[in-house]
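S.K.: The following block contains a protein sequence and its predicted model.
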Amino acid sequence: MEQHILTLLIFLPAVGAVALMLLPIRSGQASGGSLAVTAVSLVFAVAELGLALVAWSGISPGMRGFQFRVQADWIPDLRVRYDVGVDGLSLMLVLLTAFLTLLAVVYSTRVERRAREYMVFLLVLESAMVGVFCALDLVLFYVFWELVLIPMYFLIGIWGHERRVYAAVKFFIFTFAGSVLMLVGIVYLYVQTGSFSLVDMTTVGSPAAQGLAAIPARSLMWLYAAFALAFMVKVPLLPFHTWLPDAHVEAPTAGSVILAGVLLKMGVYGFIRFCLPLFPAQMAASAPLFLAISVAGIIYGAIVAAIQPDMKKLVAYSSVSHMGVVMLGVFSFTELGLAGSVIQSINHGVSTGMLFFLVGMLYERRHTREIAAFGGIRRVLPLLSALFMLAAFSSAALPLTNGFVGEYLVLQGAYLSDHSGPVYAAFAALGMILSATYMLWLFQRAFCGPVRHEANASLSDLGAREKLVLIPLAALVLWFGCYPTPWLRMAQRIELAVLPGPVRSAESNALTHWAPPREAQP
Amino acid sequence: MSEIPIAPLVWAIPGLPLIGFVLNMLWGGRIVRLFGDARGRGIVGGLATLTVFGAFAVSVVALSQLLGLDPEHRRALASLIPFAERVPWIVIGSVSVHFSALIDPLSVLMCLIVTGVGGLIHLYATGYMADDRDYPRFFAYFNLFIFAMLVLCLGESLLLMFVGWEGVGLCSYLLISFWYDDEGNARAGNKAFIVNRIGDVGFMLGMLTVLAAFGTLSFRTEAGTGVLDLAAQGRTAAGPLTVGLASLICGLLFVGACGKSAQFPLHVWLPDAMAGPTPVSALIHAATMVTAGVVMVSRMSVLFVQAPTVLLVVAAIGLFTALFAATIALTQTDIKKVLAYSTVSQLGFMFLGCGAAAFGAAMFHVTTHAFFKALLFLGAGSVIHGLSGEQDMRRMGGLRRHMKVTYWTMLIGWAAISGFPGLAGYWSKDAILGLSSGMVPAGMVFYLVGTFTAFLTGFYMTRLMAKTFWSESRTDRHGHDPHESPPSMLIPLIVLAILSVVGGWLGTPWANAFERFLEPSLPEVVVAEGHGGIPHGLGLVIGALVAIAAMATGVLAYRRAPGCELLSDAAKRSNPLYRGANALWGVDGAATAVFVRGGGRVAELISTWIDRRLIDGLVNAVAVVTGFASEIARGVQTGYVRFYVKTMLAGVLAILAYALLSAGAR
């Protein structure tokens, strides 16, 4: 099993989706049918998380290279291969995916309209996301990358709110337009290197690596731009972020959680997994631009978040701000910054996922997300309010919550970096003030003061299903915050990534053990 | 580094209050329901109080063991996690932070203050909060605060100090907005947290710079490679410690200190913080948390003495804040607001001491101030309690007859803060003023302005006493008579009153046991006493005279004042000084206008114009153009087969023609 664990991880949810479709129930059938749907999707989601944990326990920090690697021919004529493997980075993201999907399934057991399709899309989405994080073949990666769009498109378009079709189309077109050029880039790389394999292209002396090295610098820059565009739309970086608030506001709760928790991380993952090994020099050259829009995004996202009248939109814009922190870490090209951005990616999934769940729970109770429609509900909903406060402070990076560890490491990395330096760190640190501002202001308006609306006076506090979703997240907030050591070890295990420029790492580890024959000799 | 036997138990100092927090947070409400209201509350409050006194007991043992060592060896590391050595928190690359404590005179002193005064205030709160419906939540937060403050004091590295630093900010937020049913309280809590965060950015950047320069965040290490170890030798990890680098680090850290310790212009949050219950004001916003800035500067004093310009700025900001806040305190009518501005002013004195490199004197004032300001706040709380919630001094007066214990203890607090000879405030304030007179440049300016501020202190405190206790009663008697508070509230008052008298005797100029004790934690370079400044004896005489003069002037002025008001309403309206001070010198108004309203406007503009109109407008424009293009393209899709056939034919002909022509050309 050890050998095929990744294949299992990738396809198990899809098998679950097929099983759901084959369930002998008619749509619209009463509770018996939906119980079966719930049971099947829960079984598969739990099994997936279990598998991810097995994989996690099977990898040790001392190991070098991709683990659980499986290679097989897929389209031999084109040398497209089924090539999967994981390192610390991808395994953390796989674990996050499995964890958040399980919570999303638990949360969504209340969905009544077309419940079976809903779960099918969630499970297909999970397969695609896990595939993205495991694929080492560029075509395979691209297939999974685009496959993610389809279930998400339907989740937003069918189960979304009022303007769901607009949001779904906008989401699709934005991210699809971004990634089409990446396909062109992949094909061009194939033409030049004769391979789709990331590992081949980065193995010193291999024909593929020589082909890569022979590509003129200008073409490499265009290639890098094609990849970077796809990734930065996904992250999203300024000014490609406007699909995000719309998609979030219209998406059903579980969709928002997955969107913020996992989909945005695919962009970060793309930069670290593909751009750093393939185009380190180009990345370094583009660093001033990316650092500027990352830091601008931190401040811009926070400012715009502060005045949103809609809670979900507020959380969505806060994601823009947080992802700015993550990208600042990536483009600091330091061990600290990179580990910090990996940690911050995971933590953003936990905190923002928690916030989206909480907003969804408020929406279920009042059928509105307008902040002004609430007020004083802390007295009515003490447990929900306490957990909201925890999530808010974790989002505002309070020490001993998960948000702090990543943010501090990114700031420290950015400060030490030759590429960014103290000035960028200083501007990014302003996010500390702004994040506290928008989160506390939201909390004040929605939760404090007297109960202003009659409808809020009789709301009921968290039920068992909701506790089941929130308490694991709350536990992770504190665990990551107080004892991040296991995650920090994993976050340092990033294969192939090349840090351009002087590396300040104490020991030469996976980050530096390979240097590409990049610049062609004159 | 030394070994002390208590080291394996040091975790209990912050650990016990943390346990109290967890128990009360999770099960406090259940305990109250299970054991009935009175007994349940007794258990909840008793548990919270006992954990703090337990921490106090461990701190006392640590003190005694520290005193058993030679002064230069009074330094030990201990784990903050029970039954484990050096548990890592963030260890990666050049960052290596463990959950460890640095036990030295400075940290032990702060532990004693926090747990000692804190324990007394916990006891007081069991009486003060007795009828509050959120009693368990209050004590949970209170314990959490003690935990965070102790982490701040004990942490062996800047990052761990930052944990406590932000932790106390969190607790301050939680407790200011404790009565959140009033949105104004929630707003005050937000203001406190956000203004503190402004300072925290300074702390954070200072910390990032420290790691970049020294390669570590630990204060002291076994190997002598800690930040303070290196700085004491005038070097960094890579080379000599330049004045510029030291100034950068200290300047940034001082921004943090200004936020936490409410120094101008970041003082604006502290008066609003009085929205919290009075025990909170006493513990957090007077005795302990707000002194964290002074503690941090003293902790980093080895660096600060190598940044003379920053020291001058520290002294100047401290002095200005002291004077500025004292003038405002003269005009406030809310008894807690007077004490709040008084606290801001006294913190200014402490920073004046730091700026004069008199860190020992500054820490001495931290200590004595904790005694008498906690006493004054608790006394004020007793008054408010006795008047069923009244805080406006215009509706008090004559209370000395109704609240004997409160009155007599407050009287001692009044004398102590005014600097009456022999009491706690006298020794510590005069130590600061005397040393500031030796500062270069402008020592005499610092001394004279500081002394004038000391005079104002005596005067506004006399005003408070007159309006509250001495004058004719102005209480509206619709309810019952003012009543004295229960013993749980009076015992802390009595203990603090005793400390406010004797607490200063540890640090008399003749036998300064206090500063000798702290010496191992502070830099060796201390301004030579009396160097260019006024002589000791003279300073003490002047201090005594100024205090007595201020108190006497106040007593005489208010004895004759009708309705206990010195100025008539007309005079208040016309007097620009009064109006300015009463309007808080415009700082709060300006800050609100610029940051709250202005910031909101800017955010609104950005959101509307850049996000929605510009960026999304472009996106939609692209969509429109695409749509338009496809409208044109759709014209071709006629659906008639004959049209397609003709078009195809035309295409084939065109290609053939092109092929023939190009062949012909070749």
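M.R.: That came in fine, so what should we check first?

S.K.: Residue B:66 contacts residue B:105, correct?
M.R.: Yes. The criterion here is Cβ atoms under 8 Å, and residue B:66 meets it with residue B:105 at 6.6 Å. Backbone N, C-alpha and C define where each C-beta goes, glycine included.

S.K.: Please enumerate the shared neighbours of those two.
M.R.: Taking Cβ atoms under 8 Å, 6 or more residues apart in numbering or on different chains as the criterion, residue B:66 and residue B:105 both touch residue B:74.

S.K.: What are the buried residues along the longest strand along chain A?
M.R.: Across chain A, the longest stretch assigned as strand under DSSP state E is strand A:67-75. Buried residues in strand A:67-75, defined by neighbour count with 16 or more other Cβ atoms under 10 Å in any protein chain shown: A:67-68, A:70, A:74.

S.K.: Over to stretch A:84-100?
M.R.: Neighbour counts over stretch A:84-100 (16+ other Cβ under 10 Å) mark A:84-100 as buried.

S.K.: and that stretch, does that touch chain B?
M.R.: No. Judged by Cβ under 8 Å from any Cβ of the partner chain, stretch A:84-100 stays clear of chain B, getting no closer than 12.4 Å.

S.K.: ok now that stretch, how far from the chain's centre?
M.R.: Centre-to-centre, stretch A:84-100 and its host chain are 11 Å apart (Cα atoms, centre = their mean, to the nearest Å).

S.K.: Averaged pLDDT, it. What do you get?
M.R.: The pLDDT scores in stretch A:84-100 average 92.

S.K.: ditto for stretch B:263-274
M.R.: The model assigns stretch B:263-274 a mean pLDDT of 90.

S.K.: What parts of the stretch 451-600 of chain B come near chain A?
M.R.: When proximity is defined as Cβ under 8 Å from any Cβ, the stretch 451-600 of chain B approaches chain A at B:599-600.

S.K.: Make sure I have this right: residue B:438 is in a strand.
M.R.: No. The assignment for residue B:438, made by DSSP: H, G, I helix; E, B strand; the rest coil, is coil rather than a strand.

S.K.: where do the strands sit along the stretch 251-400 of chain A?
M.R.: Assigned by DSSP state E, counting those that start in this stretch, the stretch 251-400 of chain A shows no strands.

S.K.: For the closest residue to residue B:181 other than its chain neighbours, which residues are in contact?
M.R.: In space, and not counting its chain neighbours, residue B:181 is closest to residue A:450: 5.7 Å by Cβ to Cβ, 6 or more residues apart in numbering or on different chains. Counting by Cβ under 8 Å, 6+ apart, residue A:450 touches A:375-376, B:181-183.

S.K.: which two in those are spaced the farthest apart?
M.R.: Distance extremes for those: the farthest pair is A:375 and B:182 at 12.2 Å, using Cβ to Cβ.

S.K.: overlap in contacts of those two?
M.R.: By the contact definition Cβ under 8 Å, 6+ apart, residue A:375 and residue B:182 are jointly contacted by A:449-450.

S.K.: More neighbours: which of the two?
M.R.: Neighbour comparison, residue A:375 and residue B:182: the larger count goes to residue A:375, with 19 against 14 (by other Cβ atoms under 10 Å in any protein chain shown).

S.K.: From residue A:371, how far off is the residue lying closest to that one once chain neighbours are set aside?
M.R.: Leaving aside its sequence neighbours, residue A:375 sits nearest to residue A:452 (Cβ to Cβ, 6+ apart; 4.4 Å). Separation of residue A:452 from residue A:371 (Cβ to Cβ, to the nearest Å): 12 Å.

S.K.: Looking at these two, which one has more neighbours?
M.R.: The neighbour count for residue A:452 versus residue A:371, taken as other Cβ under 10 Å, is higher for residue A:371 (20 against 15).

S.K.: separation between the more buried one and residue A:377?
M.R.: Per Cβ to Cβ, residue A:371 is found 11 Å from residue A:377.

S.K.: overlap in contacts of these two?
M.R.: Taking Cβ under 8 Å, 6+ apart as the criterion, residue A:371 and residue A:377 both touch residue A:446.

S.K.: where does chain A dip in pLDDT?
M.R.: For chain A, residues meeting the criterion pLDDT under 70 lie at A:1-2, A:26-33, A:61-62, A:501-522.

S.K.: hmm, 50 instead?
M.R.: Applying pLDDT under 50 to chain A flags the ranges A:502-522.

S.K.: And for chain B?
M.R.: Scanning chain B for pLDDT under 50 picks out B:527-530.

S.K.: Can you say which helix or strand has residue B:44 in it?
M.R.: Under the criterion of DSSP states H and E, residue B:44 resides in helix B:37-67.

S.K.: helices and strands around the following helix or strand past that helix, which ones?
M.R.: Helices and strands here follow DSSP H and E; after helix B:37-67, the next one along the chain is strand B:76-79. Strand B:76-79 is packed against strand B:100-103, with contacts defined by 3 or more Cβ pairs under 8 Å, 6 or more residues apart in numbering or on different chains; DSSP states H and E.

S.K.: and if we set it to 10 Å?
M.R.: Applying 3 or more Cβ pairs under 10 Å, 6 or more residues apart in numbering or on different chains; DSSP states H and E, one finds that strand B:76-79 makes contact with helix B:37-67, strand B:100-103.

S.K.: which SS class is the residue nearest to residue A:375?
M.R.: Following three-state DSSP, residue A:452 is assigned to coil.

S.K.: Okay, buried residues for stretch B:492-500 please.
M.R.: Within stretch B:492-500, the residues that count as buried by 16+ other Cβ under 10 Å are B:492-497, B:499-500.
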